[in-house]
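Engineer: using only what follows, build the 3D model:
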Amino acid sequence: MQDALVIIPTYNEKENIENIIRAVFDQKIAFDILVVDDNSPDGTAAIVKILQQEFVDRLFLEIRKEKEGLGKAYIHGFKWALQREYEYIIEMDADFSHNPKDLKKLYKACAEEGADVSVGSRYSKGVNVVNWSIWRVLLSYFASRYVKIITGIPVDDTTAGFVCYKRKVLETIKLDKIKFVGYAFQIEMKFKAWKHGFTIKEVSVIFTDRTAGESKMSGSIIGEALFGVIKMRLKGLPK
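Structural biologist: Got it, this is the predicted structure:
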């Protein structure tokens, strides 16, 4: 068992899942992988099961009964990791929007550079996004600015989903009290880590939109983020 686990949530990712798993395992730093699949009807989990025969004791699979949202999938993965001895737990998308080569940056920021949380940031050094429409870039960028202004959190990319947490952060945050499931989940996790006094470091990465499979973005997810931020600011940090 490695000291770092990469959690990859999936729903209908058959076009990407084998390639992303192999790409993570090709990195110079050794990571274990947990795929949390929301019972994908396209056979994503079946592909993972075949690969488990090749990557014994390094590739793990949890299948949930239904699609309940990104946040709940990650919380399932966090709890699974905390039942084991992983010191660093990393969130990562299956669609190559997060470059596996950047995993080492997130890992080193926590393992060697003193961060409790490291964020693969699209906006800490300009705007580093490829293959998005200008409308989507502006929406994402100003959403993060909006969150920073409303909450005061010192993070430029609050909606980023490429994040490494030290074990102690996830042990401190009460995962069962996380309220949100979409974009706002990412914001809430960073907000609570910051409010608990943990150090957050942004690591500049280039985000590339998926080229295979379908985006899970929706208006309801965006709405949750916009209005959820106000709720978090007003309520502070629920214990």
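Engineer: contacting residues around Asp156?
Structural biologist: 121, 123-124, 144, 148, 202 (CB atoms under 8 Å, 6 or more residues apart in numbering). Any C-beta I mention is one placed from the backbone N, CA and C, and that applies to glycine too.
Engineer: run the last query once more with 10 Å
Structural biologist: 119, 121-125, 141, 144-145, 147-148, 202, 204 (CB atoms under 10 Å, 6 or more residues apart in numbering).
Engineer: check what pLDDT it gets.
Structural biologist: Note for Asp156: predicted pLDDT of 91.
Engineer: ok, now the one 10 residues further on?
Structural biologist: As summarised for this prediction, Lys166 has a pLDDT of 98.
Engineer: over to the one 5 residues further on?
Structural biologist: Reading off the per-residue confidence, Glu171 sits at a pLDDT of 98.
Engineer: for whatever helix or strand it lives in, packing partners?
Structural biologist: Counting by DSSP states H and E, the element that carries Glu171 is helix 167-172. Using 3 or more CB pairs under 10 Å, 6 or more residues apart in numbering; DSSP states H and E as the contact criterion, the neighbours of helix 167-172 among helices and strands are helix 70-82, strand 88-91, helix 183-195.
Engineer: who's Val117 bridged to?
Structural biologist: Note on Val117: beta-bridge partners Tyr165, Ile200, judged by DSSP bridges.
Engineer: please begin residue numbering at 14 from this point
Structural biologist: From this message on, residue numbering opens at 14, which makes the last subject Val130.
Engineer: which ones are touching it?
Structural biologist: 119, 122-123, 168, 176-179, 182-183, 202-203, 206-207, 211-215.
Engineer: what about Ile30, how many neighbours?
Structural biologist: Residues lying near Ile30 (other CB atoms under 10 Å) number 26.
Engineer: residue boundaries of the helices in the chain?
Structural biologist: In the chain, the helices defined using DSSP state H lie at 30-38, 57-65, 83-95, 116-124, 147-164, 180-185, 196-208, 232-248.
Engineer: deepest-packed of these, please.
Structural biologist: Comparing these on average neighbours per residue, with mean count of other CB atoms under 10 Å, the densest one is helix 196-208 at a mean of 24.
Engineer: can I get that one in PDB, CA atoms only?
Structural biologist: What follows is helix 196-208, C-alpha atoms only, in PDB (Å, rounded to 0.1, in the frame of the first residue of the first chain):
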ATOM      1  CA  TYR A 196     -19.500  22.700  -7.400                       C
ATOM      2  CA  ALA A 197     -20.500  23.900  -3.900                       C
ATOM      3  CA  PHE A 198     -19.100  20.700  -2.400                       C
ATOM      4  CA  GLN A 199     -15.600  21.700  -3.600                       C
ATOM      5  CA  ILE A 200     -16.100  25.200  -2.100                       C
ATOM      6  CA  GLU A 201     -17.500  23.800   1.200                       C
ATOM      7  CA  MET A 202     -14.500  21.400   1.700                       C
ATOM      8  CA  LYS A 203     -12.000  24.200   1.200                       C
ATOM      9  CA  PHE A 204     -14.000  26.700   3.300                       C
ATOM     10  CA  LYS A 205     -14.200  24.200   6.200                       C
ATOM     11  CA  ALA A 206     -10.500  23.300   6.000                       C
ATOM     12  CA  TRP A 207      -9.600  27.000   6.000                       C
ATOM     13  CA  LYS A 208     -11.900  27.700   8.900                       C
END
